[in-house]
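Visitor: Please work out how this folds:
(one chain, ligands or ions: 2)
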Amino acid sequence: MTGHVLAIDQGTTSTRAMVFDEAMRVKGVAQMEFEQHYPHPGWVEHEPEDLWATVVSTCRRAMTSAGVEAGDIASIGITNQRETTVVWDRRTGRAVAPAIVWQDRRTAATCQALREAGRETLVSSRTGLLLDPYFSASKIAWILDNTDGARSAAEAGRLAFGTVDSFLLWRLTDGAVHATDATNASRTALYNIHEGRWDEALLDLFRVPACMLPEVRDCAADFGTSDPDLLGGPIAIRGMAGDQQAATVGQACFEPGMVKSTYGTGCFAVLNTGNAPVISKSRLLTTIAYQFDGQPTYALEGAIFVAGAAVQWLRDGLHILEDAAQSGDLAAIADAAQEVYMVPAFVGLGAPYWDAECRGAIFGLTRGTGRAELARAALEAVCFQTNDLIDAMHGDWRAAGHEGAGAGAPVLRVDGGMVASDWTMQRLADVLDAPVDRPRMRETTVQGAAYLAGYGAGLYPDPTAFSKGWALERRFTPTMDAPVRERMVAGWRDAVSRTLSKN
Ligand SMILES: Nc1ncnc2c1ncn2[C@@H]1O[C@H](COP(=O)(O)OP(=O)(O)O)[C@@H](O)[C@H]1O
Ligand SMILES: O=P(O)(O)OC[C@H](O)CO
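Guide: Residues are numbered from 1 along each chain as shown. Ligands and ions are numbered 1, 2, ... in the order given. Just a heads-up that it's a prediction; the model follows:
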């Protein structure tokens, strides 16, 4: 029975655990949602104990459903919602404040002040990111400045910072290992992606004490051993990556030029750019896709903050859907004559607009607009935003001298909860005017984490051999006439321009 891998995917709205066997077949699955906290407009928090409790519970349940015990598992892989910031007490392991989630905008004014002070180039040139509240650095400073005694405790070495991976690792190893991996580090705005180290100038800029930071390791590496009391025995931890990077691995996007896009709460498109970082002219992020043997592979990334979250809003906020799947059925019967656009800037807009202050808007409402048109507008917003990202990506890729190659071959590999919607995937292909490939294995994020853990443990083959196992479930081919597409895209861009805060 040995030769299994346990993969943990601690996401924004739910935690999943899966057990895979030595042939990478899924043997057991468990998933749990947990509470989202919105204490003020633009704020989003998680309770770190909820993250931890759902991880332990889903791991145990996945193992039970797979019929395996700790001794049957060769290694654990961790993947996670990125940027979300946890600061905890090293003695107790307890967080000193709620986790500030990646979507949280409370540090918008700090970032704006730093931008006005001309510090954006320092951040972007070293981290590949932008001065935006999305990333961890300003969130850490907020916790230190707004929690009693936290700054002095941090400076005295009593507090630890971690993105969610690092916090979970600390807990899994009972405080023995304070580490992260290069992909998660690359999302903090404190990590120099060119030199592969925490950057003193950025630590000064954001006022973060160096002694709080985890050690940075490869994605397939020795991350220690789990506390024997947690899962019925000690298990080696050998894989780690941020969830979008894990999905890039799970989609086997190992060749420069390959692109994947994941549709969960948000949407994240990642283009593998190989061993050399490509600097975007369109405000996309340069980031680390994965790192093996100390060698980073870089990526361009476009991040959209709200994708499936707009569907959730229709369901839980407006109560016009019974479940998320109904959105596609409604969109299919929406009135084609009504041009309704939804710009779901609930927490501002991400790439390529980066406007933390703007908020959502709906255009083109008439007396005849109903829930079908709103559902269609929410799903189409995801397609239009992907189109904005892919346009920008291809521009950057060509500017880097890759005309016609790689990303020039316009195929998008998709995954995440939303890709279950055939209507949305067809509309995506139509809006992109390019094929959209949905793989047989939709849980690519957790599969990526499993692959890293199995690769790290010497159980799974090298990336080239793993790539051969990628299998297509369905290709969506564009069918929309060009004038219709162009009119729709122009309508979307007009809606965005009317939503941006700089109007
Ligand atoms: N059939 C569907 N049609 C449209 N949206 C869907 C569908 N199924 C799930 N979703 C959306 O996908 C998201 C869940 O995807 P998931 O990958 O589990 O997200 P996350 O990892 O961010 O928690 C939810 O926001 C949900 O509204
Ligand atoms: O948890 P997800 O799938 O919404 O992904 C969140 C991202 O990692 C945020 O950058």
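
Visitor: CA only for contacts and neighbour counts going forward, please
Guide: Will do.

Visitor: where's residue 303 relative to ligand 1, distance?
Guide: Per Cα to the nearest ligand atom, to the nearest Å, residue 303 is found 13 Å from ligand 1.

Visitor: Correct me if wrong: that residue contacts residue 353.
Guide: No. Using Cα atoms under 8 Å as the test, residue 303 is too far from residue 353 to be in contact (10.2 Å).

Visitor: Just want to know which of those two has more residues nearby.
Guide: Set residue 303 next to residue 353 and count neighbours by other Cα atoms under 10 Å: residue 303 wins out with 24 against 17.

Visitor: so what's that one bridging to?
Guide: With DSSP bridges as the criterion, residue 303 is bridged to residue 268.

Visitor: Hmm, residue 309 is touching residue 266, no?
Guide: Yes. Using Cα under 8 Å, residue 309 is in contact with residue 266, at 6.7 Å.

Visitor: So residue 234 belongs to a helix, correct?
Guide: No. Counting by DSSP: H, G, I helix; E, B strand; the rest coil, residue 234 falls outside a helix, being coil.

Visitor: Spatially nearest residue to it, not counting backbone neighbours?
Guide: Distance criterion Cα to Cα, 6 or more residues apart in numbering; nearest residue to residue 234, sequence neighbours excluded, is residue 228 at 4.2 Å.

Visitor: pLDDT value on that neighbour, please?
Guide: The model reports residue 228 with a pLDDT of 97.

Visitor: And the one 4 residues further on, by the same measure?
Guide: The score at residue 232 is 96. That number is its pLDDT.

Visitor: Spit out the contact partners of it.
Guide: Residue 232 makes contact with 69-70 under the criterion Cα atoms under 8 Å, 6 or more residues apart in numbering.

Visitor: If we use 6 Å, what do you get?
Guide: Residues counted as contacts of residue 232 (Cα atoms under 6 Å, 6 or more residues apart in numbering) are residue 70.

Visitor: could you measure it against residue 226, distance?
Guide: According to Cα to Cα, to the nearest Å, residue 232 and residue 226 sit 10 Å apart.

Visitor: go on, residue 485?
Guide: Distance from residue 485 to residue 226, counting by Cα to Cα: 52 Å.

Visitor: and if you look at residue 262?
Guide: In terms of Cα to Cα, residue 262 sits 29 Å off from residue 226.

Visitor: And for residue 30?
Guide: Plainly put, residue 30 is 19 Å away from residue 226 if you go by Cα to Cα.

Visitor: what does residue 401 give?
Guide: Residue 401 sits 46 Å away from residue 226, going by Cα to Cα.

Visitor: Same question for residue 325.
Guide: For residue 325, the distance to residue 226 equals 38 Å [Cα to Cα].

Visitor: same question, residue 20
Guide: Residue 20 is 18 Å from residue 226, by Cα to Cα.

Visitor: cool, residue 78 as well?
Guide: 12 Å.

Visitor: Point out the residues in this structure that sit beside ligand 2.
Guide: 11-12, 81-82, 102, 243-244, 264-266 (Cα under 6 Å from any ligand atom).

Visitor: From those residues, which one has the minimum pLDDT?
Guide: Minimum pLDDT for the residues of the chain next to ligand 2 is recorded at residue 265 (86).

Visitor: what about residue 311, which helix or strand?
Guide: helix 308-312 (DSSP states H and E).

Visitor: And that helix, what does it pack against?
Guide: Applying 3 or more Cα pairs under 6 Å, 6 or more residues apart in numbering; DSSP states H and E, we find helix 308-312 packed against no helix or strand.

Visitor: what residues does that helix touch?
Guide: Contacts of helix 308-312 (Cα under 6 Å, 6+ apart): 264-265, 378.

Visitor: okay if I get those as a markdown table plus neighbour count and distance to residue 217?
Guide: Formatted as a markdown table, these follow (neighbours: other Cα atoms under 10 Å; distance: Cα to Cα, whole Å):
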| residue | neighbour count | distance to residue 217 |
| --- | --- | --- |
| 264 | 20 | 27 |
| 265 | 21 | 28 |
| 378 | 28 | 39 |
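
Visitor: so what's the residue in the stretch 1-150 of the chain that ligand 1 sits nearest to closest to, chain neighbours aside?
Guide: Using Cα to the nearest ligand atom, the closest approach of the stretch 1-150 of the chain to ligand 1 is made by residue 13 at 4.0 Å. Leaving aside its chain neighbours, residue 13 sits nearest to residue 33 (5.8 Å; criterion: Cα to Cα, 6+ apart).

Visitor: Kind regards, and thank you for your time.
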